[in-house]
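Trainee: All I have is the shape, not the residue letters:
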């Protein structure tokens, strides 16, 4: 039986059922609330006071991240009242991590929605749902720089085209799409190698730091550079 100390090690069957029930309930009930509230009601508020970090230690998303994915896909359901999701937990680090993951994924989704036509004219948000799963494969802590990776993942899902095998996509992006170079490039490449990556996408801003990488480590990878988020998508998915 899980305790408060090991509750988020991995999802129990009861936790999976709870997440499914809550998700399906809100998916059906949000449109009902939207139709029934007064014209001056601008928000639909959901509160979770035991949110945890948003995911289990084995990488599976818990209820908060699943619900945030649901909310991001409510636009085509006619929800014109913006749902407001309030998460809290007695452990401040859980709230901090969840907030950063949420901000990164929301930023990526907003950029994707505004710039999807730069990727492909065939991408439509009206007939697709997006459920994003993030996982700490190395057990060293979830990175908070998820915006670019989330944007690539959204494009991959929309185009039904997987990211090239054994590829690591490094770098981060701002709300407006500005690319930042990789901090601690040598250490990051070593993590990529330990994870089994053989291809690495680097921002052009990191080209000047290549000289700091030991030759024996650099030789482990097939390295390509990208100049924009869209360029990263094309190269990550192998789109000419």
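Mentor: Perfect, I can see it now. Worth saying up front: this structure is predicted, and the values here are computed from it rather than measured.
Trainee: From now on I want contacts and neighbour counts done on CA atoms only, so please keep to that.
Mentor: Will do.
Trainee: in which helix or strand would I find residue 45?
Mentor: Assigned by DSSP states H and E, residue 45 falls within strand 43-48.
Trainee: list the helices and strands that strand packs on?
Mentor: helix 13-36, strand 82-87 (3 or more CA pairs under 8 Å, 6 or more residues apart in numbering; DSSP states H and E).
Trainee: In stretch 221-232, which residues are buried?
Mentor: Residues 221, 224-226, 228-230, 232 are the ones in stretch 221-232 that count as buried (16 or more other CA atoms under 10 Å).
Trainee: Show me the shaky parts of the protein.
Mentor: 1-11, 37-41, 53-61, 72-82, 94, 131, 133-144 (pLDDT under 70).
Trainee: just how off-centre is stretch 212-231 within its chain?
Mentor: 23 Å (CA atoms, centre = their mean, to the nearest Å).
Trainee: With residue 113 as the reference, measure out to residue 126.
Mentor: 11 Å (CA to CA, to the nearest Å).
Trainee: more crowded one of the two?
Mentor: residue 113 (15 against 11; other CA atoms under 10 Å).
Trainee: Once you drop chain neighbours, what's closest to that one?
Mentor: residue 125 (7.8 Å; CA to CA, 6 or more residues apart in numbering).
Trainee: which SSE is that neighbour in?
Mentor: Using DSSP H and E, no helix or strand contains residue 125.
Trainee: That one - how many residues pack around it?
Mentor: 14.
Trainee: tell me the SS of residue 202?
Mentor: Here residue 202 is recorded as strand under DSSP: H, G, I helix; E, B strand; the rest coil.
Trainee: Not counting residues beside it along the chain, what's closest to it?
Mentor: residue 225 (4.8 Å).
Trainee: Kindly report the same for residue 85.
Mentor: Per CA to CA, 6+ apart, closest to residue 85 is residue 46, 4.9 Å.
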